[in-house]
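Trainee: Take this sequence and fold it.
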Amino acid sequence: MFGDENAMLRIDMSEYMEKHTVAKLIGAPPGYVGYDEGGQLTDKVRRHPYSVVLFDEIEKAHPDVFNILLQILEDGRLTDGKGKTVDFKNTIVIMTSNAGASTIKKQKSIGFAQSKDEVRNEYEKMKESVMEDIKHTFRPEFLNRIDDIIVFHKLEEKDLVQIVSLMLNSVSERLKDQEINISFTEESKNHLAKEGYDLNYGARPLRRAITKTIEDKLSEEILRGNVKHGDNVEVTMENGELKFNRR
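Mentor: Sure thing, here's the model as predicted:
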């Protein structure tokens, strides 16, 4: 968004469930341990004022952390542990939450036979239920400072294939450093999408599936001498299994 991948700051809010973790965000006050280290949030935004700040699983944060966020969302600035003001007016703040996840999981899969109106009505019903869950999870003063809340559909197969493609692109880029070019058929991508999807955990297991079925197996092929520097490798499906074919 800002033309620089370093302009993305992700903060895992499961690490900020305790009261004392506020100091990790804004830095410890004078005389306390870690004073010289600065805050993980304030220092990075000070160095990269044009940034996307992602607070992942925001519902897990301690109430004192929410008070910090209220100041950012209301005033566009934050005072760190050293008493210095950090400007957040050029940042884009995004928060993810699992509030209402069980409701989304119950959403019917979108079928080809459904009309656009049926799909829209199904989504609106689901969104209404999720918004009720959100209202019970977060304080009103916090929700009132959020510009927009987006409720996502349950992941469909086409979404999973797109995620798989992005992950495989990353694998391909790493292999280029070893002068190995790898490509994947659509059938192999569809197979990985099905193998790596879990109803309860969503797309998270995809990374493990790609590591196990692509990266680990390819490493074995390289060690055996079946794949060498300069080779072109195509991953296909044969008899229900992934195969590495040198071209």
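Trainee: Quick check, central residue of this structure?
Mentor: residue 56 (7.6 Å; Cα atoms, centre = their mean).
Trainee: can you tell me how far residue 14 sits from residue 69?
Mentor: 16 Å (Cβ to Cβ, to the nearest Å). Every C-beta, even on glycine, is put in place using the N, C-alpha and C of the backbone.
Trainee: of those two, who's got more company?
Mentor: residue 69 (21 against 11; other Cβ atoms under 10 Å).
Trainee: ok, that one - contacts?
Mentor: 55, 58, 61, 142 (Cβ atoms under 8 Å, 6 or more residues apart in numbering).
Trainee: Between the residues you listed, which sits nearest residue 235?
Mentor: Residue 235 lies nearest to residue 55 out of those, by Cβ to Cβ, at 36.4 Å.
Trainee: Surely the closest one forms part of a strand?
Mentor: Yes. Secondary structure of residue 55 (DSSP: H, G, I helix; E, B strand; the rest coil): part of a strand.
Trainee: Need phi/psi at the nearest residue in space to it that is not next to it in sequence.
Mentor: Leaving aside its chain neighbours, residue 55 sits nearest to residue 95 (4.5 Å; criterion: Cβ to Cβ, 6 or more residues apart in numbering). Main-chain dihedrals, residue 95, degrees, to the nearest 10: phi -130, psi 130.
Trainee: I'd like the distance between residue 95 and residue 204.
Mentor: Distance from residue 95 to residue 204, counting by Cβ to Cβ: 18 Å.
Trainee: quick one, strands of the protein?
Mentor: Secondary structure of the chain (DSSP state E): strands at 8-12, 52-56, 77-79, 85-87, 92-95, 181-184, 232-238, 241-246.
Trainee: what lines up beside the third one in the sheet?
Mentor: When pairing is defined by DSSP bridges, strand 77-79 lines up against strand 85-87 (antiparallel).
Trainee: Can you list the buried residues in the partner strand?
Mentor: The neighbour-count check on strand 85-87 (16 or more other Cβ atoms under 10 Å) flags residue 86 as buried.
Trainee: neighbouring contacts of it?
Mentor: The contact list for strand 85-87, computed with Cβ under 8 Å, 6+ apart, reads 42, 45-46, 49, 76-80.
Trainee: Tabulate those (CSV), appending neighbour count.
Mentor: Below are the contacts of strand 85-87 laid out as CSV (neighbours: other Cβ atoms under 10 Å):
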residue, neighbour count
42, 22
45, 23
46, 16
49, 15
76, 13
77, 13
78, 21
79, 14
80, 20
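Trainee: What is the nearest of the residues you listed to residue 24?
Mentor: Nearest to residue 24 among the contacts of strand 85-87: residue 42, at 10.4 Å, using Cβ to Cβ.
Trainee: in the lowest-mean-pLDDT helix or strand in the chain, what's buried?
Mentor: Across the helices and strands of the chain, mean confidence by mean pLDDT, DSSP states H and E is lowest for helix 101-105: a mean of 74. By 16+ other Cβ under 10 Å, the buried positions in helix 101-105 come out as 103-104.
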